[in-house]
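1. Give me a 3D structure for the following:
(2 chains)
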Amino acid sequence: MAAKKVITQIKLQIPAGKATPAPPVGTALGPQGVNIPEFCKQFNARTQAQAGSIIPVVITVFSDRSFTFITKVPPVSDLIKKAIKLDKGSAIPHKEKVGNLSQAELESIAKTKFPDLNANDIDAAKKIVAGTARSMGVTVSE
Amino acid sequence: MNSSKSFWQISAKVPKESASLVEHFFLEAGAEGFYELLYQEGVTDNLNEDNTTLFFFFPEAFPARAFAPMALAALGIDSNTVVVERIGFSDYIKAFEDSFRSFELTPTLWLVPPWDEDNLQIPQTARRLRLRPGLAFGTGKHPTSRLMISFLEQNLLPGNSVFDLGCGSGILALSAKLLGAGKTLGVDVEQISVDSATENAELNQWSTTDIQFLQGDFSFLNDERYFTADIFLANILPQIFRQNLVHLLVYLRSAKIWALSGIADHQQQSFAELLTDNGINFEWELKEEWLIFYSREAKRPAIGERFSE
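-> Predicted coordinates for the structure are as follows:
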């Protein structure tokens, strides 16, 4: 708890339960002198129940090289892929559509991701999710 | 990743509102992972800027040099900040362990991480504090930890009981034990610190009858079971001390020997006034911009370097 001066803050996305010392974990944390195996162990323990999801994680490194981290809800694109069982987004999102998201699915994703979004209400969150869907070549039902 | 010897790292500073677009585009193009640097002391403060710095990793065979500027241009992002580097895989665990070797806490006490037991630089006569640096504060690298350990070395008598509030990794309680303390208790609000301290006690082959770590806060100071510790230590932060002043003052007025640390030099005056206004007598020491405030029964030679007041 003591004298915690932040020296670095890094955001990563790692498959739940699958942090390893390889890049990006190693390259991100190595230069900070963070105990990488300890991070991997703690991250995997905390996220193993969410296997199959990509977990955004924000790591804060303190002046004595101890660290802390918080995990967030999977990214919107990952939630969309899961919701409509999509393997990959479209390479040409404006021309080639690869799937469709129903209003119910849109709302469900907006609610799940709401805590991490810069949105005041669910309608604003839905707009953000719809925007991500479009950039992946996924249409949204009216 | 695969068995190749190197990989491509593409980094770019991009507007925050475009970050998720860039992430998505690069991941679809075959990036095997990425990270975002939000803040680095003296280097970048993306938290308070409109831009953020992204680092992507691509396999060796990927045409990274051609792809990076083209992709950013296609996304309508200024590509002046893009840096494409070929990076060799290294053993990150070994690199970390190499960067964290045993070091001297005091002339008689060395901190030894588990992978460095065979280090010949550790003097034969030195006591070894075994500690795994990690999630909890207190790796021994911070001046406040070292100030507190010096204080213990100067003031602890064999058998003294010790109460360490805000124990973090357990470094102070464990040092006290190594220096001959009797009953020793560490308390921290964070369970992760309690777990980490307990593991570090086990590394030193102490059981919970030798040294105990519990989750809790300043209300422990009002629990009579702990009220009688010979030495009270708290390496926290001035604002936390202030928030818990009532509990703290009761304890400081009755404790024989106490030390508070975690106070930065610019907070010296206001913290000194806080203690003085409440009738608490103290001495203080400074080390690398950090202060320790303390009181001890018998006057002994001053610890550490003395600075003019």
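
2. what residues does the longest helix anywhere in chain A touch?
-> Secondary structure assigned by DSSP state H gives helix A:122-135 as the longest helix of chain A. With Cβ atoms under 8 Å, 6 or more residues apart in numbering or on different chains as the test, helix A:122-135 has contacts from A:76-77, A:79-80, A:89, A:93, A:101, A:106-107, A:109-111, A:113-114, A:117-119, A:139-140, B:20-21, B:24. To be clear about C-beta, it is placed using only N, CA and C from the backbone, and glycine gets the same treatment.

3. Which helix or which strand is home to whatever residue of chain A ends up closest to chain B?
-> Per Cβ to the nearest Cβ, A:Gly26 is where chain A lies closest to chain B, at 3.4 Å. Taking DSSP states H and E as the definition, A:Gly26 sits inside helix A:25-29.

4. For whichever helix or strand comes after that helix, name the packing helices and strands.
-> Of the helices and strands lying after helix A:25-29 in sequence (DSSP H and E), the nearest is helix A:36-47. On a contact count with 3 or more Cβ pairs under 8 Å, 6 or more residues apart in numbering or on different chains; DSSP states H and E, helix A:36-47 meets helix A:25-29, strand A:54-62, strand A:67-71, helix B:92-99.

5. Take the ones you listed and lay them out in TSV including mean neighbour count and distance to B:Leu178.
-> Compiled in TSV, the helices and strands packed on helix A:36-47 are given as follows (neighbours: other Cβ atoms under 10 Å in any protein chain shown; distance: least, Cβ to Cβ, whole Å):
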stretch	mean neighbour count	distance to B:Leu178
helix A:25-29	23	30
strand A:54-62	19	24
strand A:67-71	17	25
helix B:92-99	16	23
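
6. could you dump those to a markdown table with mean pLDDT?
-> Compiled in a markdown table, those are given as follows (pLDDT from 0 to 100):
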| stretch | mean pLDDT |
| --- | --- |
| helix A:25-29 | 88 |
| strand A:54-62 | 92 |
| strand A:67-71 | 93 |
| helix B:92-99 | 82 |
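
7. mind giving me a markdown table with the ones you listed and columns for distance to B:Asp265?
-> Formatted as a markdown table, the helices and strands packed on helix A:36-47 follow (distance: least, Cβ to Cβ, whole Å):
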| stretch | distance to B:Asp265 |
| --- | --- |
| helix A:25-29 | 30 |
| strand A:54-62 | 18 |
| strand A:67-71 | 25 |
| helix B:92-99 | 28 |
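
8. For B:Leu249, which of those is the nearest?
-> strand A:54-62 (28.3 Å; Cβ to Cβ).

9. circling back: mind checking which of the contacts of helix A:122-135 are buried?
-> Buried subset of the contacts of helix A:122-135 (neighbour count, 16 or more other Cβ atoms under 10 Å in any protein chain shown): A:76-77, A:79-80, A:89, A:93, A:101, A:106-107, A:109-110, A:113-114, A:117, A:119, A:140, B:20-21, B:24.

10. In chain B, what helix or strand scores lowest on average pLDDT?
-> Within chain B, no helix or strand scores below strand B:44-45, which has a mean of 74 by mean pLDDT, DSSP states H and E.

11. next structured bit after that strand?
-> Downstream of strand B:44-45, the first helix or strand assigned by DSSP H and E is strand B:51-59.

12. That following strand: which residues count as buried?
-> Residues of strand B:51-59 classed as buried by neighbour count (16+ other Cβ under 10 Å): B:Asn51, B:Thr52, B:Thr53, B:Leu54, B:Phe55, B:Phe56, B:Phe57, B:Phe58.
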